[in-house]
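Chemist: just to be clear, the model below is a prediction. Sequence and coordinates:
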Amino acid sequence: MTIYYVDSATGSNANAGTSADAPFASFWAVENLKLQPGDSVLLAAGTVYNDQLDLKYSGTVDAPITIGSYGVGDAPVIHSPNDAIHSLYTSNIVIENIKISDTGGAAIYGGYVSNWTVRNVEVDHTGLSKSGSITFRTGSNITIENSTINDVNGDGIWIEKINGVTLLNNTVTNAHGTAADAVQLNDSSNIVITGNYLDQTGAVTPKGVLTLIRPVDAVIEGNTILGGSFGISAQAGTDIAIHDNDISGYGGYSWSYAIGLGDTGDTRNYDISGNYIHDGVWGVSVSSAGTTTYVREGIDIYGNLFDDLTQAALKVDRPASGSFHDNFIASDVTPYSISPSIIAAGTFPVSDNTIIEEGPTTLASADSLAAADASVSLVSDTGVTSHNDLKLAADKIAADKVGAHHDNPIWENGVSDETLLLRHFGKAAVEKHGLTLGNGDHGVTIEAADLAGPENGSEISHHEITPQPLHHSEADPVIAAILHHGVLH
């Protein structure tokens, strides 16, 4: 297990490279080594490299090969007319604590690789001559964590045919290009995408933020997703969980959605819950660009908050089975737009959703609400319900719907220290702090009230919606949603 040092400012390729006092000068010397498991190649802080680093050798699970940095100062920077780091048929590699910018190709390219970890890497302005940021094609067990990707040409992260993908606590902003998303995963499985900040609000692209094409076994949880023409596109997947994400600012098209599925292939077993979806067009869209017969089954949508949408919280205009229940929907948002044939078939029932009336902003702590014996009024689609004398306490639920059959982090009691802050709809409606990730129960401390305004009267409100196509132009039938005494029909 040897440490090799590289310093482009003071080193020499005639040196042994095994001490900081006698470092190599360039990647050429490193590439002439036969790196062994456990070896490290460290670049001096504050130095710059204008070549591609080719990695040819593999580590082991217990002794990976590491590319990192040493010394005090700014992270070392790799510029390259080609890829910054390029590797084929290698395994057990760690890339950490470096910066990559102004490359002609990808920041990192790995093909037919396994057990790679990229951590604490800054990527900026890459893919100048061909699209590329961090790219992995064919392999297994790729982890990208605590890294920053900004202002790149092409997808910020592109992953294809990888079994075992973990994207954890990364920031990806402004991936540019006609086909660019912040993150795109193709034909991959065993995926965990959590704690990331993905922002396409300043990107020059007609596409969206997070795209998963034919994913299998994916968890997308606790991410902030901003901008783009859509938030999350997971059109044809199996066993997909989309939980506790904040999705907003998407638009630009009549079909734009926060979460879209049902296009391009069969869709099975989606759990969509606990998301805050706001300031966009459609909420959850189960749709298709054509009339091709795909399977769309097992789609469970519950415990989400919908606010400030120009179209409905739910769109279902192709044959599908699932349910839309126990969601909270601002009163200025159309609850759903479902084709009459699907309503008649009864395959996608709507139940137990709560319409939250607009009202003046009121903020109060849980303790003060309990002390004041606060009153909260909710308008539910099971009938007008007024909850008086509702006391709010730490890690307890201030809502009338505690569904014991769902691990819903917003509405169920639990043991975590999560905090849910509710404000006036139309402003910042939800802020979550101390999010606890995983499949266990979550607790919520409610710190602000004014969930609803005055109760609805007995008037009937009738909303007629002509759904906009999802990448298509077929004429869809008019779809009606009726709110009578707070009950959705």
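Modeler: Sure thing, it's come through.

Chemist: quick one: the spatially most central residue of the chain from Asp155, how far?
Modeler: Centroid-nearest residue in the chain, with C-alpha atoms, centre = their mean: Asn223, separated by 4.6 Å. Distance, Asn223 to Asp155, using C-beta to C-beta, to the nearest Å: 16 Å. Just so you know, the C-beta spots here come from the backbone N, C-alpha and C atoms, and that holds for glycine as well.

Chemist: can you check Pro349 too?
Modeler: Here the criterion is C-beta to C-beta. By it, Pro349 lies 37 Å from Asp155.

Chemist: the two: which is more packed in?
Modeler: It is Asp155, of Pro349 and Asp155, that has more neighbours when counted by other C-beta atoms under 10 Å, with 28 against 13.

Chemist: not counting residues beside it along the chain, what's closest to the more buried one?
Modeler: Counting by C-beta to C-beta, 6 or more residues apart in numbering, Asp155 lies nearest to Gln184, which is 4.7 Å off, once chain neighbours are set aside.

Chemist: low-confidence ranges, this structure, go.
Modeler: Counting by pLDDT under 70, the chain contains low-confidence residues at 358-489.

Chemist: swap the cut-off to 50 and go again
Modeler: 361-489 (pLDDT under 50).

Chemist: that one: helices as residue ranges?
Modeler: Assigned by DSSP state H, the chain shows helices spanning 27-31, 340-345, 366-371.

Chemist: contact partners of the shortest one?
Modeler: The set of residues that contact helix 27-31 without belonging to it, under C-beta atoms under 8 Å, 6 or more residues apart in numbering, is Tyr4, Val6, Asn13, Gly17, Phe24, Val41, Tyr49, Asp51, Gln52, Leu53, Asp54, Lys56.

Chemist: mind doing that once more with 10 Å?
Modeler: Contact with helix 27-31 is made by 4, 6, 8, 11-17, 23-24, 39, 41, 43, 49-56, 67, 78, 80, 85, as judged by C-beta atoms under 10 Å, 6 or more residues apart in numbering.

Chemist: pull out the buried residues from those.
Modeler: Buried members of the contacts of helix 27-31, scored by 16 or more other C-beta atoms under 10 Å, are 4, 6, 8, 11, 15, 17, 23-24, 39, 41, 43, 49, 51-53, 55, 67, 78, 80, 85.

Chemist: show me these that map onto strands.
Modeler: Tyr4, Val6, Val41, Leu43, Tyr49, Leu53, Leu55, Ile67, Ile78, Ser80, Ile85 (DSSP state E).

Chemist: now the fifth one. Nearest residue, chain neighbours left out?
Modeler: Closest residue in space to Tyr49, ignoring its immediate chain neighbours: Ile78 at 4.9 Å, by C-beta to C-beta, 6+ apart.

Chemist: how close does the one you found get to Ala106?
Modeler: 11 Å.

Chemist: what do those two both touch?
Modeler: Gln52, Ala84, Ile85, Ile100, Val123, Thr126.

Chemist: now the two most distant members of the residues you listed.
Modeler: Gln52 and Val123 (14.9 Å; C-beta to C-beta).

Chemist: start and end of stretch 321-341, how far apart?
Modeler: 12 Å (C-alpha to C-alpha, to the nearest Å).

Chemist: which positions within that stretch qualify as buried?
Modeler: 321-331, 333-339.

Chemist: check the offset of it from the chain's centre.
Modeler: Put simply, stretch 321-341 sits 22 Å off its chain's centre (C-alpha atoms, centre = their mean, to the nearest Å).

Chemist: let's have the chain start at 19 instead
Modeler: Sure, I'll start counting at 19 from here, so that last one is stretch 339-359.
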